[in-house]
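A.B. asks: Okay, here's the prediction I keep looking at, along with the sequence it came from:
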Amino acid sequence: MTQIPSRRRFLQSSLGFGAALCLPRSLTGFPRELPFQISLAQWSLHRHFWGTQGSDLDNLDFAATTRGLGLEAVEYVNSFFFDKVKDAAYLKEMKKRAKEEGVRSLLIMCDRIGSLGHAEAGERKKAIEGHFPWVEAAAFLGCHSIRVNAHSTGKGFEEQQKLAADGLARLTEYAAQRNINVIVENHGGLSSNGAWLAGVMKRVDHPRCGTLPDFGNFNLGGGKQYDRYQGVKELMPYAKAVSAKSHDFDEQGNEIHTDYFRMMKIVLDAGYRGFVGIEYEGGKLDEMSGIQATKALLERVQRALSRAAAQE
């Protein structure tokens with residue numbers, strides 16, 4: 001079992017890299033400001049949280065674990081504190097621990113709350129209102145967004161677009177009053193069709209509604225896959241967060257399913273300069289090792305793209 005690194009151990013081992021980032025550009029060969037920052041999606045540790053990979057990690061320890069891995073921003077998943085969304089004391093403790101660790105809370109990924117594009121108006125309304133407490137929790141924790149799903153039970157491409165857009169628009173109106181974004185991930189079905197989801201964004205047409213492009217979630221079902229590079233390109237104009245999905249790595253440390261250099265160029269060419277979240281879902285490496293491998297790859301991409309920008 002790979003042990004969760006302590007903050008002290010991590011800081012000692014990473015001192016060299018941290019010091020390098022403080023050097024002038026002329027000494028490092030790349031700009032002081034890297035083109036994007038790296039965060040950690042809580043789903044990367046789902047086996048640890050569920051106690052199926054040798055530890056039973058508590059949600060309240062997520063900020064400290066993230067800091068111990070050398071990262072300073074978190075993306076929560078509601079599944080790990082589903083029954084605590086209205087527990088003010090619990091949320092206060094989450095916020096306190098993140099602050100103590102110097103970790104930023106970016107967003108909450110929300111699942112299991114119903115279909116925002118349900119064909120039945122009553123069920124759609126129920127799903128919309130079911131997200132309200134998570135909007136409130138995100139605002140309290142200092143997040144900028146909640147991530148939702150755009151699943152619809154309607155029939156056909158266009159009808160599902162209309163229904164999903166209706167649910168998203170109504171939820172966004174509520175969230176906007178609390179300065180929270182509502183962002184949609186490509187997460188299976190039609191939402192994994194970049195053109196479909198981009199069309200939903202155009203229908204909603206609200207500055208607080210956007211996307212969270214995921215590098216790997218382009219499974220359309222029935223054995224069909226949407227082109228991941230095309231999909232991310234279509235979703236980036238609306239992106240308010242990005243998920244660097246990873247599964248397997250070759251001997252050089254490259255993800256074998258996604259060309260991270262090509263993908264991150266698409267992300268940056270769209271003008272995005274926010275956080276890119278590590279979301280490791282592989283099975284060959286344990287979760288800690290998978291997170292570290294993804295982090296190392298993203299840092300390599302950071303340096304390479306920074307050097308390329310400096311030479312332009």
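C.D. replies: Here it is on my side, so go on.
A.B. asks: can you pull out the helices in this structure?
C.D. replies: Ranges of helices in the chain, per DSSP state H, are 7-13, 15-21, 25-28, 46-49, 62-68, 88-101, 121-130, 132-141, 157-176, 194-204, 228-235, 260-269, 287-311.
A.B. asks: which one of those is the most hemmed in?
C.D. replies: Highest mean neighbour count of the helices of the chain: helix 62-68, a mean of 23 (counted as mean count of other Cβ atoms under 10 Å). Bear in mind the C-beta positions are built from the backbone N, C-alpha and C, glycine included.
A.B. asks: helices or strands up against it?
C.D. replies: Here helix 62-68 touches helix 7-13, strand 73-77, helix 88-101, going by 3 or more Cβ pairs under 8 Å, 6 or more residues apart in numbering; DSSP states H and E.
A.B. asks: Select, out of the ones you listed, the one closest to Ile180.
C.D. replies: The closest of those to Ile180 is strand 73-77. By Cβ to Cβ, the value is 13.3 Å.
A.B. asks: residues of that closest one that come out buried?
C.D. replies: By 16 or more other Cβ atoms under 10 Å, the buried positions in strand 73-77 come out as Ala73, Val74, Glu75, Tyr76, Val77.
A.B. asks: Quick check: the third one touching Leu107?
C.D. replies: Right, Glu75. Yes. Counting by Cβ atoms under 8 Å, Glu75 does reach Leu107; the two are 5.2 Å apart.
A.B. asks: Next, work out how far apart Lys92 and Pro237 are.
C.D. replies: Distance from Lys92 to Pro237, counting by Cβ to Cβ, to the nearest Å: 37 Å.
A.B. asks: JSON lines for the helices of the chain, including distance to Ala241 and mean pLDDT?
C.D. replies: JSON lines is the format used below for the helices of the chain (distance: least, Cβ to Cβ, whole Å; pLDDT from 0 to 100):
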{"stretch": "helix 7-13", "distance to Ala241": "24", "mean pLDDT": "37"}
{"stretch": "helix 15-21", "distance to Ala241": "23", "mean pLDDT": "33"}
{"stretch": "helix 25-28", "distance to Ala241": "28", "mean pLDDT": "32"}
{"stretch": "helix 46-49", "distance to Ala241": "18", "mean pLDDT": "93"}
{"stretch": "helix 62-68", "distance to Ala241": "16", "mean pLDDT": "97"}
{"stretch": "helix 88-101", "distance to Ala241": "17", "mean pLDDT": "98"}
{"stretch": "helix 121-130", "distance to Ala241": "21", "mean pLDDT": "98"}
{"stretch": "helix 132-141", "distance to Ala241": "12", "mean pLDDT": "98"}
{"stretch": "helix 157-176", "distance to Ala241": "14", "mean pLDDT": "98"}
{"stretch": "helix 194-204", "distance to Ala241": "14", "mean pLDDT": "98"}
{"stretch": "helix 228-235", "distance to Ala241": "11", "mean pLDDT": "98"}
{"stretch": "helix 260-269", "distance to Ala241": "11", "mean pLDDT": "98"}
{"stretch": "helix 287-311", "distance to Ala241": "14", "mean pLDDT": "93"}
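A.B. asks: Distance to Arg147 added to those helices, as CSV?
C.D. replies: Shown next, in CSV, are the helices of the chain (distance: least, Cβ to Cβ, whole Å):
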stretch, distance to Arg147
helix 7-13, 27
helix 15-21, 29
helix 25-28, 34
helix 46-49, 15
helix 62-68, 16
helix 88-101, 17
helix 121-130, 15
helix 132-141, 10
helix 157-176, 12
helix 194-204, 13
helix 228-235, 13
helix 260-269, 17
helix 287-311, 19
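A.B. asks: Asp250: which of those helices is closest?
C.D. replies: Going by Cβ to Cβ, the one of these nearest Asp250 is helix 287-311, 10.5 Å.
A.B. asks: Alright, I will stop here.
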